[in-house]
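Colleague: Predicted coordinates and the sequence they were generated for:
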Amino acid sequence: MRECVRGFVDENEYDFRRIEAKWAPVWEAERPFDVPDTVDSRPHKYILDMFPYPSGDLHMGHAEVYALGDVLARYWRLRGYRVLHPIGWDSFGLPAENAAIKRGVNPRDWTYDNIAQQRASMKRYAASFDWSRVLHTSDPEYYKWNQWLFLELYSKGLAYRKDSWVNWDPVDQTVLANEQVLPDGTSDRSGAVVVKKKLTQWYFRITDYAERLLADLDRLENTWPAKVLTMQRNWIGKSRGAEVTFTVEGTGRAIPVFTTRPDTLFGATFMVVAPDSDLASELAAGADPIVRQQFAEYLTEVQKKTEIERQDATRTKTGVSLGVNAINPLNGESVPVWVADYVLADYGSGAIMAVPAHDQRDLDFARKYDLPVRVVVDVASDEPNDPAQSGVATTGDGPHINSDFLDGLNKADAIAAAIERLESIGAGKGAITYRLRDWLISRQRYWGTPIPIIHGADGAEIPVDLADLPVELPPTEGLDLRPKGSSPLGAAEEWVNVPDPRDGSAATRDADTMDTFVDSSWYFLRFLSPRDTTRAFDPEQVKAWAPVDQYVGGVEHAILHLLYARFITKVLFDLGHINFDEPFSALLNQGMVILDGSKMSKSKGNIVFFGEELDKFGVDAVRLTMAFAGPPEDDIDWADVSVTGSHKFLARAWRVAHDVTSSVGADAATGSPALRRVTHRFLADIAPLIEAYKFNVVVARLMDVVNHLRKEIDTGAGAADGAVREAAEVVALALSMFAPHVAEDMWSMLGHERFVGLQKFPEADPAFLVEDSVTAIVQINGKVKERLEVATSITEEELSALALAAVESSLAGKTIRQTIVRPPKLVNIVVSD
RNA sequence: GCCCCAAUAGCCCAACCGGCAGAGGCAGACGACUUAAAAUCGUCACAGUCAGGGUUCGAAUCCCUGUUGGGGCACCA
């Protein structure tokens, strides 16, 4: 049950409404966290939270990221760093357009109305952003540089157009990148089942960077979540093996195949070509009419399948023979060539050698079409070793058989020997392939960055001159934004028809817009000089701030955004625009805010509304709850946490500061040593805890300090004590990371000038960090028998003697076998009867 | 099917290099204050660490097996 917390309009009571109303306007007027362009000598930290997409108001997920990101930003400020913590909006994208179609509003209006709403909520939430650097990716001032980026890639051959089978979302009526298709074959936006279409589209050559994108993950090993690293490695999907060239019998046409198992070449009993590959069409074209007919029917059937059906590994494999044979380069054997849709056109060369004895997919196919199975690795297991009978392909290691010069070798040696032989006879070589495909970046929708290319009547692609950027979107008036499979921009005749820059003849603009992931792949650089009209980013500012020291956001971007941003960063590095090649030095993925064990959703009706929570409990209590709920990467079940509890704690902390009667500068040295010990231990522990993202533990420790303070004021040293003031000030400083309004008010009540967020943590005094004495425990056979108060400096001999004396009576009649002494805390005496 | 992560009090969570299972909070019980209640202040109780085995003087912590939950990959040759 969450009930409403009521405040009192009384200066002597904690009232979050009064305190919020008091400080928000001051921060708004004085902008304490804006960072000027000037470079200064302090150490820098660039703390970045993933910027939001403006779909309606902020939600509880935003409340979590921006609370946690702000803890880190404020922490580094309190450590004396110069902190850049900017915010903006990822404001191009389909939802704006879909809303526009549904409600007849302009996508621009819809977007900027939402931004205004989110901006107001964000300000209310009091995250310490630099509000002078706000950017929106849908502003021409931003997407001009997005177009510049495109042209940079284009000039280096990294942006290109090709005709290919692409993922098509039949609901949103646009193409999707591979990364935007969920594992179940549906679109990550619309949820529609994705189909394949053959279209001419723009791509970024991310595959050129596959090896570096993979290798450089090692450098992020301890600063990025292991989970994200694994996901990226899987996505890039490196395979080592060999490329082997088979030759079509008769025509001599070469068929290159990629295999991870060149050692099993003697077990290849047929070949399979992807039905939708050019090679298949070519081979079928030369075949007899019956084969041609069968192939054509099969291809039609295959193309009707959805991605879901096609990716179902359990379905029965199908295929047709192409009626031609190919020669195995190692043994000269002639094997039949088939087409089957378990082979993919765009992986490897779109063709495979099939080794049914040692590959389950090939075996399934061989058994269905009665093709031969030849065992070439003797895997020496207890299992029946005949895949043709068992139906289970063997993949283990063992001596090779039926393999001529490979006989007797194990897997690794046979692979090496096979590659060596292939290379010496010119029939192949060692090779590496990647699962990663080029990034499809064109979209057939309106609300995105226009692609700055003009198509000449002769088919030439002419990059728009830099001086003519930005290519601005035309107004929506008169345009039909409804999805129809081609870009709405194509219908904006005045916009699309332009003179050919070469000779003034008729030409047209490219009517597609860019994937919005292009926009977000470099926005962290634009924050460094957001008003610069002469370039995408200022190299001086980049040198001062970049790369991002700490990135904070959801794990849903583990592949998409983070992979693209890494890629673009490497491209910009190679082009000499920046001097680093990984964009985000450290990454924190926060969990989700859920309710009653499940994800919040409109359809389930289990939504906690951001604004309502702030109304009921106050900004500080909500922010504190986000930090205190548990480790940041865990999900927060809003039903399991108590915002009321956070509110009560804040009131308690506030009251403590309110009760302090000493003046600024009161001597802490003469105050309560016990309290000082608590305060300085806390101070010493903040850094390691925050830097390990243990925000929940810091809050717990903060509560502990407040509890001690309360006790000290009520029944100890009293409200005028110097140590009490010291502790209250430390509480205000530390609390400013979580609850800025309360902290600012406490700081002010303690007689200080604003702003608490711009102060520095005092150093912990080492004198309070060491204990003079500790409680040592004495165990017999691991069970605690006695406790001794001993000096921290006690020697092994002294402690041992004290311990033996203390448990003397329990040792009567027993034999001491061993004594383990770990000064100053433990003695374990091992005895037997 | 393969891989990874987790499991500590009724609940959310702490626990350094293997060394007394508890920092903090929620919910609970009791007391003080109050005519009473709320708020506040205080006191108390509650688990032997998912199960089983191993290593060790000593295991929440290391190893193995399993259970449950979460996540990733999965016709990629």
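Modeller: Done, it's in.
Colleague: For A:Gly751, the count of nearby residues, please.
Modeller: 14 (other C-beta atoms under 10 Å). C-beta: built from backbone N, CA, C; applies to glycine.
Colleague: helix, strand or coil for it?
Modeller: Classification of A:Gly751 by DSSP: H, G, I helix; E, B strand; the rest coil places it in coil.
Colleague: Just give the nearest non-adjacent residue to it, would you?
Modeller: Among residues not flanking A:Gly751 along the chain, A:Val664 sits closest, at 4.4 Å (C-beta to C-beta, 6 or more residues apart in numbering).
Colleague: Near RNA strand B, which residues of the stretch 401-550 of chain A are found?
Modeller: Contact residues, the stretch 401-550 of chain A versus RNA strand B (C-beta under 7 Å from any atom of the strand): A:Thr433, A:Arg435.
Colleague: need the contact list for the residue nearest to A:Gly751.
Modeller: For A:Val664, the contact set (C-beta atoms under 8 Å, 6 or more residues apart in numbering) comprises A:Leu750, A:Gly751, A:His752.
Colleague: which one of those residues is nearest A:Val228?
Modeller: Of all the contacts of A:Val664, A:His752 has the smallest distance to A:Val228: 41.3 Å, by C-beta to C-beta.
Colleague: Buried residues in stretch A:401-411, which are they?
Modeller: The neighbour-count check on stretch A:401-411 (16 or more other C-beta atoms under 10 Å) flags A:Ser403, A:Leu406, A:Leu409, A:Lys411 as buried.
Colleague: secondary structure class for the residue nearest to A:Gly751?
Modeller: coil.
Colleague: Report the separation between it and A:Pro740.
Modeller: 21 Å (C-beta to C-beta, to the nearest Å).
Colleague: Over to A:Arg310?
Modeller: Going from A:Arg310 to A:Pro740 by C-beta to C-beta gives 53 Å.
Colleague: Just want to know which of those two has more residues nearby.
Modeller: More crowded of A:Arg310 and A:Pro740, by other C-beta under 10 Å: A:Pro740, with 27 against 15.
Colleague: what about that one, distance to A:Gly61?
Modeller: From A:Pro740 to A:Gly61 the distance is 21 Å (C-beta to C-beta).
Colleague: What's the nearest residue in the stretch 501-650 of chain A when you look at RNA strand B?
Modeller: The stretch 501-650 of chain A approaches RNA strand B most closely through A:Gly645 (2.8 Å), counting by C-beta to the nearest atom of the strand.
Colleague: Where does that residue sit, in terms of helix or strand?
Modeller: A:Gly645 belongs to helix A:643-659 when assigned by DSSP states H and E.
Colleague: tell me which residues of that helix are tucked away?
Modeller: Buried residues in helix A:643-659 (16+ other C-beta under 10 Å): A:643-644, A:646-647, A:649-651, A:653-659.
Colleague: And the furthest pair within those?
Modeller: Most distant of the buried residues of helix A:643-659, by C-beta to C-beta, are A:Val643 and A:Asp659, 24.7 Å apart.
Colleague: and A:Val827, how many residues sit next to it?
Modeller: 26.
Colleague: what does the one 4 residues further on give?
Modeller: By the criterion of other C-beta under 10 Å, A:Val831 has 16 neighbours.
Colleague: What of A:Arg437?
Modeller: A:Arg437, neighbours per other C-beta under 10 Å, totals 16.
Colleague: if I look at the residue nearest to it when sequence neighbours are not counted, how far off is A:Asp378?
Modeller: Nearest residue to A:Arg437 in three dimensions, chain neighbours excluded: A:Asn178, at 5.3 Å (C-beta to C-beta, 6+ apart). Relative to A:Asp378, A:Asn178 is positioned 39 Å away (C-beta to C-beta).
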